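1. generate a structure from the sequence data that follows.
(one chain, ligands or ions: 1)
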Amino acid sequence: MWAELDAMAQSARACRIADLFEADASRAAGFSVDTDGLLFDYSKTSIDAAGREALVALAEAAGVSEKRTAMFAGEAINETEGRAVLHTALRALDSGPISVDGKDVLPEVNATRERMAAFTRSVRDGSFGHITDVVNIGIGGSDLGPLMAVMALAPYHDGPRCHFISNVDGADLTDTLAGLDPASTLFIVASKTFTTQETMLNARSALKWAGGDAALGRFVAISSAVEKCADFGIPAERVFGFEDWVGGRYSMWGPIGLSIMLAVGPAAFEKFLRGAQAMDQHFQSAPFAQNMPVMLALVGIWNQQVCGHPSRAVLPYEQRLARLPAYLQQLEMESNGKSVALDGTSLDRVAGPVVWGEPGTNGQHAFYQLIHQGQQVVPCEFMVGAEGHEVELIEHHRALVANCLAQSESLLRGRTEAEARAQLADKGLSDAKLDQLAKHRVFSGNRPSTTLLYPRLTPYVLGQIVALYEHRVFVEGVIYGINSFDQWGVELGKELAGGLVPAVEGQGVPEGTSGSTLSLLDRILHLRDR
Ligand code: F6P
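-> Presented below is the predicted three-dimensional model:
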């Protein structure tokens, strides 16, 4: 399956991207995907027509199309957990029935969304009581998605202020609640399992802060384990449930997105779903070479597997997407950071690159040095809106866009030593100084990047972008032959943390604890006793 691409590795690594532009005046259009207002430009990579053909053939041979049909149809493609993967059902606003075990899931999905909307309206119009602030308590998928989206949609906020507590570090709770009034604060305890240590501890501490059981009336629960919510003391009318076929990191389209709905209202939330639904429809129908999630995945595979670049940077030129890299880290690395294929065999290539990033322009003044001149090539995924929301600050947005374009342009172009010398010579530097400085000012260039261009960051566009990345992860997972929907790798640490809590309290150490951990524990207890 990989032979054709593997055979291209040498020429891909030797390729000068600038030459591809010289050879093909229409390269920008030919190596872009344009759908429903979004443009994904991958022309600044070393992919040529033959490379794209081989990538598309790889996706076909891996069965992306069949697996995609199975996912949307509700088949149990999450084989290690025996579950369907149907986050797409949460945004299937215009779709026919979707069956799991012979039962159409959409009536319940729609009824829950309607309950969320009714509850949201009651909070926003004051009939629920006077609520000024909402605090979502959750972690991982029960935090990162809503937090990222609430931040992204700031211009659409017309509801209560939303805050997020995730870390078990009490500092998170303390700092988030500082200045809030318990009487007008609504808590959402968001946990698919309702057992996650961090969330349950934070929820109990928040309940104490709010005034104890008497405050339970201002607590809402979101979970797949509705009976556990009752045990916590939250009655069924304030519990919003969802099925186990919604993975935690794919869950903000349903009840886990309640904080988003509270912030922007049910109508804007629906637009967010509509954007994702439009991307779902595109993903299901567009031929692979014009299919944005498929091509985003294949470009990633090209950069990692063919060119050998082990990480990629996500660089939104949009301050309100500041948490998108963190969100994508969970989406991509928890989904595809695997070593074993679905059939239990070891993978013979590394699946799932390291994903990292920060919004531009801030990153430019931090880690871009390495991106431009470091020895490790980092493929960059830029994203930017043609327009911002701050019309009165138009010059800011123009500067933002110019910076984004300048970065991908300079990564492509680079600067030769001769150019560096000429620039320095223009400043009147001596030959000796030129010899000393020119080399430091050389940029190799020829560094791959892609740009995702969108009109403006609206709820609809945010829905498109997130669904685009979700499907990219799916396509990559199918190609590697892994299950992108489990996360066994997070279990061991959780188990050991449970065993170590008594040790940190000074009550005995679990058997098998390493010498290093024992000595750290000793030191902690000693420092604490002083
Ligand atoms: O970190 C593992 C994980 O299970 C994630 O997959 C999930 O998003 C997160 O913990 C939170 O889980 P829960 O929603 O059950 O509290």
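2. and the pLDDT at the residue in the stretch 301-450 of the chain positioned nearest to the ligand?
-> When you check the stretch 301-450 of the chain against the ligand by Cβ to the nearest ligand atom, the closest residue turns out to be E334, at 5.8 Å. C-beta coordinates here come from the backbone N, C-alpha and C atoms, glycine included. Confidence at E334, expressed as pLDDT, is 97.
3. that one: how many residues sit nearby?
-> Applying other Cβ atoms under 10 Å, we find 22 other residues in the vicinity of E334.
4. likewise for the one 10 residues further on?
-> By other Cβ under 10 Å, the residues close to G344 number 7.
5. and for A267?
-> Here the neighbour count serves as a burial measure; for A267 (other Cβ under 10 Å) it reads 11.
6. how far away is it from R91?
-> As defined by Cβ to Cβ, to the nearest Å, A267 lies at a distance of 15 Å from R91.
7. that older thread, which residues does the residue of the stretch 301-450 of the chain closest to the ligand contact?
-> E334 makes contacts with G140, R249, Q487, G489, V490, as judged by Cβ atoms under 8 Å, 6 or more residues apart in numbering.
8. rerun that using 6 Å as the cut-off
-> When the contact criterion is Cβ atoms under 6 Å, 6 or more residues apart in numbering, the partners of E334 are R249, Q487.
9. ok so it is a strand residue?
-> No. When classified by DSSP: H, G, I helix; E, B strand; the rest coil, E334 is found to be helix rather than part of a strand.
10. which residues of the stretch 301-450 of the chain lie near the ligand?
-> Counting by Cβ under 6 Å from any ligand atom, the stretch 301-450 of the chain comes close to the ligand at E334.
11. so which residues of the stretch 301-450 of the chain form helices?
-> 324-328, 335-336, 368-373, 394-413, 417-426, 431-437 (DSSP state H, counting those that start in this stretch).
12. and the ones you listed as CSV, adding mean neighbour count?
-> Conversion of these to CSV gives the following (neighbours: other Cβ atoms under 10 Å):
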stretch, mean neighbour count
helix 324-328, 23
helix 335-336, 23
helix 368-373, 16
helix 394-413, 16
helix 417-426, 14
helix 431-437, 12
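13. now those helices in JSON lines, with distance to I479?
-> What follows is the helices of the stretch 301-450 of the chain, written out as JSON lines (distance: least, Cβ to Cβ, whole Å):
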{"stretch": "helix 324-328", "distance to I479": "18"}
{"stretch": "helix 335-336", "distance to I479": "10"}
{"stretch": "helix 368-373", "distance to I479": "26"}
{"stretch": "helix 394-413", "distance to I479": "26"}
{"stretch": "helix 417-426", "distance to I479": "40"}
{"stretch": "helix 431-437", "distance to I479": "46"}
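14. looking at those helices, which is closest to A76?
-> Taking Cβ to Cβ as the criterion, A76 comes closest to helix 335-336 out of the helices of the stretch 301-450 of the chain, the separation being 17.0 Å.
15. burial count for V150?
-> Residue neighbour count, defined by other Cβ under 10 Å, stands at 27 for V150.
16. phi, psi of R161?
-> phi -70, psi 140 (degrees, to the nearest 10).
17. from the ligand, how far out is the spatially closest residue to it that is not a sequence neighbour?
-> Across the structure, with Cβ to Cβ, 6 or more residues apart in numbering as the measure, the residue nearest R161 apart from its sequence neighbours is D133 (4.9 Å). For D133, the distance to the ligand equals 22 Å [Cβ to the nearest ligand atom, to the nearest Å].
18. give me the beta-bridge partners of D133?
-> Per DSSP bridges, the residues bridged to D133 are R161, T185.
19. likewise W356?
-> Legend: beta-bridge partners of W356 under DSSP bridges are A313.
20. begin at 50 from now on, thanks
-> With 50 as the first residue, the last one maps to W405.
21. sticking with L88, tell me its helix or strand.
-> Counting by DSSP states H and E, the element that carries L88 is strand 87-90.
22. where do the strands sit along the stretch 50-199 of the chain?
-> In chain order, the stretch 50-199 of the chain shows strands spanning 81-84, 87-90, 148-149, 152-153, 182-186, with DSSP state E, counting those that start in this stretch as the criterion.
23. and the last one, what does it pack onto?
-> Right, the one you point to is strand 182-186. Here strand 182-186 touches strand 210-214, strand 234-239, helix 246-259, helix 307-313, going by 3 or more Cβ pairs under 6 Å, 6 or more residues apart in numbering; DSSP states H and E.
24. and the contacts of the next helix or strand after the shortest one?
-> Pointing back at strand 210-214 there. Using DSSP H and E, the next helix or strand after strand 210-214 towards the C-terminus is helix 219-226. Outside of helix 219-226, the residues that reach it under the criterion Cβ under 6 Å, 6+ apart are H212, I214, N251, S254, W258.
25. return the closest of these with respect to the ligand.
-> The ligand lies nearest to N251 out of those, by Cβ to the nearest ligand atom, at 10.6 Å.
26. can you tell me the closest non-neighbouring residue to that closest one?
-> Once flanking residues are discounted, N251 sits nearest to I186: 4.8 Å by Cβ to Cβ, 6+ apart.
27. which residues touch that neighbour?
-> Applying Cβ under 6 Å, 6+ apart, the residues contacting I186 are I214, V238, T248, N251, A252.
28. and the residues you listed as CSV, adding pLDDT and distance to the ligand?
-> Below are those laid out as CSV (pLDDT from 0 to 100; distance: Cβ to the nearest ligand atom, whole Å):
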residue, pLDDT, distance to the ligand
I214, 98, 13
V238, 98, 9
T248, 98, 5
N251, 98, 11
A252, 98, 10
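29. quickly list what the closest residue to D83 other than its chain neighbours is bridged to.
-> Setting aside the residues directly before and after it, D83 is nearest to F89 in space (Cβ to Cβ, 6+ apart), at 7.9 Å. In this structure, F89 bridges to V82, L501 when assessed by DSSP bridges.
30. ok, F89 to H331 distance?
-> Relative to H331, F89 is positioned 11 Å away (Cβ to Cβ).
31. and for G219?
-> Following Cβ to Cβ, the distance that separates G219 from H331 is 45 Å.
32. more neighbours, those two?
-> Each of G219 and H331 has its neighbours counted (other Cβ under 10 Å); H331 has more, 22 against 12.
33. from the ligand, how far out is the more buried one?
-> In this view, H331 and the ligand are 26 Å apart by Cβ to the nearest ligand atom.
34. for that residue, grab phi and psi.
-> Note on H331: its backbone torsions stand at phi -60, psi -50 [degrees, to the nearest 10].
35. report pLDDT for the residue in the stretch 400-549 of the chain that the ligand sits nearest to.
-> For the stretch 400-549 of the chain, the residue positioned closest to the ligand under Cβ to the nearest ligand atom is V539, at a distance of 4.0 Å. If you check V539, the pLDDT there is 92.
36. and if you look at G555?
-> 89.
37. follow-up on the earlier one: want to throw the contacts of I186 into JSON lines with neighbour count?
-> Supplementary listing: the contacts of I186 in JSON lines, determined by neighbours: other Cβ under 10 Å:
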{"residue": "I214", "neighbour count": "26"}
{"residue": "V238", "neighbour count": "26"}
{"residue": "T248", "neighbour count": "25"}
{"residue": "N251", "neighbour count": "27"}
{"residue": "A252", "neighbour count": "25"}
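38. ok, which pair from those is furthest apart?
-> With Cβ to Cβ as the measure, no two of the contacts of I186 lie farther apart than I214 and V238, at 10.1 Å.
39. start and end of stretch 192-211, how far apart?
-> Across stretch 192-211, the straight-line distance between its terminal residues is 12 Å, by Cα to Cα, to the nearest Å.
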